[in-house]
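S.K.: A predicted structure for the sequence below; I have some questions about it.
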Amino acid sequence: DLHPAAGIPNIYFNPDGTAFTGFSGSDIGAYRFQGSLDGLQFKRTTNGLLAENWLDDELLVPLDRKNFFVRGSYEINDWVSVFAQGMFNRAESSSVQQPPQATDGWSAQIPVDGRDIPADLAQLLASRPDPTAPWQLYHNLDMGGNRSARTDVFTYNMMAGFEGIVPGSDWTWELFASEGESETSSYITGIYSLSRYRQIISAPDWGKGLTIQGNTQQGGFGASTATCTSGLNPFMPVDQITQDCIDAIAADLKTRSTMKQTNVELNAQGGLFDLPAGQVRAAVGASYRKNEYEFLNDTLTTQGRSFDDQAIGIYPSGNSFGEMDVTEFYGELLVPVLANLPLIQRLDLELGARTSDYNTTGSSFTWKALADWQVNDYLRVRGGFNRAERAPNLAELFLAQQQTFSLATGGDVCSVNNRQPWSANPERNPNAAGVRALCEAMMGAAGAAFFYGNDAFQGAGPAFVFPTVEGNPNLEPETAKTWTAGIVFSSPFQSPLLERLSLTVDYYTIEVEDAIGLESPDYLQQGCFDTAFNPTLDVNNPLCQKITRNVGIGTLGNVLGTYVNNGRFETSGVDAQINWSTDIGPGTFGINTTFSYLIDMEVTEFPGAPTIDYAGTLGGGGLVGLSGGFFQWKLFNNFSYTYDRLYVGLQWQHLPSVRSGSYALDPNTTTMGAPSYDLFNLATSYAVTDNTVVRFGVDNLFDKAPPRTGVNTAPPPGTLAGGSYDAGNYDVIGRRFYIGATTSF
């Protein structure tokens, strides 16, 4: 990618492993391509040519886990018992990723100093207006193999308490206290220091024979010495790069996090008094809960610490600390209103209330009122109202600044091909000229000239972005109002084929106000460029100030977002379940079917703004805290056959075809969702004895691959079709087997 203005060409690789050597910025097609051949495989390159398959045994992820659990109780007398239990778990896992890549902000400036380079590259560099200007190299840092991480997790939980009955009544009670802690330590290898990498690779002859002494101002006092025998020539075979060169730039990372919870709880339940329709029963309780969290990052990747160096391929984050405690009281009543009347076999009310006092957000009050009407032996009607609140969690409150790599699912609205109605696309936005002027002001003259002169940046699909996220200690709880209504039907028929048939159907509608959500890149862009929120398209708008454009090229860079209470959403739908079984042959065949239909999913990230219906789409990831995947309907079936001690079950999950989240904003979008998807799991068990059961199963029985979502079927010139794999809704692991046994003594 030759940058004529700056005189800095970048070297990229084609999918077949060969390098681009003569493309200008306006002609390049895959400027973001960094080693992924088809989204599932990666290849190493040697001398710019395809070398070896990277996916083999290297990608196996071993797991070693040990568990211990013990529980005991002692009956002091007929009314009181004491109990205690403990649990310990240790898990060690290893995982592998592709090697890091010295690209974009992690690349190096290479001087023109007569070093050994391919002849065609030397010819290209000599053809520039300034042949002596440095050039920029993009390549895989695969000389030390893959990145790997070893993670150790230690977890314990201890609980002790009393339980008993109240003499002369049916009341039961329990009082207990528990404490648990989970500690996670990670050790990541295959990571390299950006500063040391740049120092060696930019040295004469790629750093060959280099010896570097630390703290030279004090004669090397207290410092180490690094050597590099072979140099870091990216055009030589990776197996010829000597180990001392790899060690000289290696930057192994170590992190530690702990989560601790302390809980004290008292619960009691029993009968209060009798009414004509039956006994009024109650449940009451109180609890105190404290959560503490600490995350300690490696110094090299800690935000605000290592300002003169960083780890290639790793985004910085801060050390995070936080604690939260809450005291709660609750009470519930089961009130029998009517019984043994025509069409009213029984009518019960379930009433409940809870008060919570958080040290972070103050007091919260929630309540519910539900009714259960048993019409006859075959029909039951149920429903009611529930008011709930969700207090912000530790991460939403106290997360330290953390930078990551992400996508703006709505794309870069400064692109003239973007499909958002507040973009710089004149076909979509009557204010496009004003948006472009604001974009140019944010980019600067050089960045705007390069951005709008490069077709590769004028994409319509998702855009790369580097958001920095931090918690917001000023968050308030989000509130929800839920209405439900449903029926439970049991078969009145006595025939063997229908007597074990049951059906439940429930309707729900939920309205959430002050929803807690992250200021996503799409949220920030709309708040900046939409005249509904920035009427004068002022560059000093607070949300515009959170968006950074990359210097010199104008593309989206770092954006700063936090958690806010700005959003709301309303949703409704129907859930249904059918259970049926009958005797077939010597055993019993059964079907359990669950069907969900989403009527609407109305969402907005801005207070007072109209909602957008995302039902039938994959949604926008992170919308007001929602995870996406708003399928219009879902079907889950379980077929089973039992005979004596044998059980065989086949699960079938069906997801219908779904549109991309961008369809909700633009029905003419060329960004696709996914076709229908079917996943089957097999589960079997056999009771070898009365005390021992053996289990065997196969998940993803037919090794169904996940669909690629977010593919742009009509990408603008110079851009790729893109797409990714959705691990939240589809199986991205593949066929897998398990076997186990349970025995009692």
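M.R.: Thanks, I have it.
S.K.: For residue 127, see how far away residue 359 is.
M.R.: 66 Å (C-beta to C-beta, to the nearest Å). In this view, the C-beta of every residue, glycine as well, is placed from N, C-alpha and C.
S.K.: meant to ask about residue 415, not that
M.R.: Residue 415 is 30 Å from residue 127, by C-beta to C-beta.
S.K.: who does the single longest helix found in the chain touch, helix- and strand-wise?
M.R.: Longest helix of the chain, by residue count under DSSP state H: helix 432-443. Contacts defined by 3 or more C-beta pairs under 8 Å, 6 or more residues apart in numbering; DSSP states H and E place helix 432-443 against helix 445-452, helix 521-529, strand 547-549.
S.K.: Could you identify which of the ones you listed is most buried?
M.R.: Most buried of the helices and strands packed on helix 432-443, by mean neighbour count (mean count of other C-beta atoms under 10 Å): helix 521-529, with a mean of 26.
S.K.: Next, the residues that contact that one from outside, please.
M.R.: Identification of contacts with helix 521-529 by C-beta atoms under 8 Å, 6 or more residues apart in numbering yields 406-410, 412-413, 420, 422-423, 435, 438-439, 463, 465, 467, 517, 533-534, 537, 541, 543-544, 546-547, 556, 559, 561, 605-606, 620.
S.K.: go with 6 Å
M.R.: Helix 521-529 has contacts (C-beta atoms under 6 Å, 6 or more residues apart in numbering) with 408, 410, 413, 422, 435, 465, 467, 533-534, 541, 543-544, 546-547, 559, 605.
S.K.: Could you export that helix as PDB, CA atoms only?
M.R.: C-alpha atoms of helix 521-529 as PDB (Å, rounded to 0.1, in the frame of the first residue of the first chain):
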ATOM      1  CA  PRO A 521     -19.100   3.000  18.900                       C
ATOM      2  CA  ASP A 522     -22.400   3.100  17.100                       C
ATOM      3  CA  TYR A 523     -24.000   5.000  20.000                       C
ATOM      4  CA  LEU A 524     -21.200   7.500  20.000                       C
ATOM      5  CA  GLN A 525     -21.300   8.000  16.300                       C
ATOM      6  CA  GLN A 526     -25.100   8.500  16.200                       C
ATOM      7  CA  GLY A 527     -24.900  11.000  19.100                       C
ATOM      8  CA  CYS A 528     -22.200  12.900  17.300                       C
ATOM      9  CA  PHE A 529     -23.400  12.900  13.600                       C
END
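S.K.: Just the mean pLDDT for that helix, thanks.
M.R.: Averaged across helix 521-529, the pLDDT comes to 92.
S.K.: got the angle for that helix vs helix 432-443?
M.R.: Helix 521-529 and helix 432-443 are oriented at 110 degrees to each other (axes from the mean of the first three to the mean of the last three C-alpha atoms, to 10 degrees).
S.K.: what's the angle from the longest helix of the chain to helix 445-452?
M.R.: Inter-element angle recorded for helix 432-443 and helix 445-452: 130 degrees (by the same axes, to 10 degrees).
S.K.: how about helix 432-443: buried residues?
M.R.: Neighbour-count burial for helix 432-443, counted by 16 or more other C-beta atoms under 10 Å, picks out 432, 434-436, 438-440, 442-443.
S.K.: okay, those in CSV with pLDDT next?
M.R.: Output for the buried residues of helix 432-443, formatted as CSV (pLDDT from 0 to 100):
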residue, pLDDT
432, 95
434, 95
435, 96
436, 96
438, 96
439, 96
440, 94
442, 94
443, 94
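S.K.: CSV for the helices and strands packed on helix 432-443, including distance to residue 192?
M.R.: Formatted as CSV, those follow (distance: least, C-beta to C-beta, whole Å):
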stretch, distance to residue 192
helix 445-452, 29
helix 521-529, 28
strand 547-549, 25
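S.K.: These: which one's closest to residue 723?
M.R.: Set against residue 723 and scored by C-beta to C-beta, those come closest in helix 521-529, at 18.2 Å.
S.K.: returning to what we had before: which one, of the helices and strands packed on helix 432-443, ends up nearest to residue 712?
M.R.: Closest among the helices and strands packed on helix 432-443, using C-beta to C-beta: helix 521-529, at 16.5 Å.
S.K.: Is residue 150 in contact with residue 185, as I believe?
M.R.: No: Residue 150 is not in contact with residue 185 according to C-beta atoms under 6 Å; the separation is 8.7 Å.
S.K.: For the longest strand along the chain, buried residues please.
M.R.: Across the chain, the longest stretch assigned as strand under DSSP state E is strand 556-584. Buried residues in strand 556-584, counting neighbours by 16+ other C-beta under 10 Å, are found at 556-573, 575-581.
S.K.: what helices or strands is that strand leaning on?
M.R.: Judged by 3 or more C-beta pairs under 6 Å, 6 or more residues apart in numbering; DSSP states H and E, the packing partners of strand 556-584 are strand 463-470, strand 501-518, strand 547-549, strand 587-604.
S.K.: Reformat those into a markdown table and put mean pLDDT next to each item.
M.R.: What follows is the helices and strands packed on strand 556-584, written out as a markdown table (pLDDT from 0 to 100):
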| stretch | mean pLDDT |
| --- | --- |
| strand 463-470 | 86 |
| strand 501-518 | 95 |
| strand 547-549 | 91 |
| strand 587-604 | 96 |
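S.K.: Save those strands as JSON lines, and put in distance to residue 394 too.
M.R.: Below are the helices and strands packed on strand 556-584 laid out as JSON lines (distance: least, C-beta to C-beta, whole Å):
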{"stretch": "strand 463-470", "distance to residue 394": "13"}
{"stretch": "strand 501-518", "distance to residue 394": "13"}
{"stretch": "strand 547-549", "distance to residue 394": "27"}
{"stretch": "strand 587-604", "distance to residue 394": "25"}
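S.K.: Among the ones you listed, which comes closest to residue 348?
M.R.: Of these, nearest to residue 348 by C-beta to C-beta is strand 501-518, at 17.3 Å.
S.K.: ok, the closest one: who's next to it in the sheet?
M.R.: Within its sheet, and counting by DSSP bridges, strand 501-518 is paired with strand 478-490 (antiparallel), strand 556-584 (antiparallel).
S.K.: Can you flag the weakest of the ones you listed by average pLDDT?
M.R.: strand 556-584 - the lowest mean pLDDT of the strands paired with strand 501-518, at a mean of 94.
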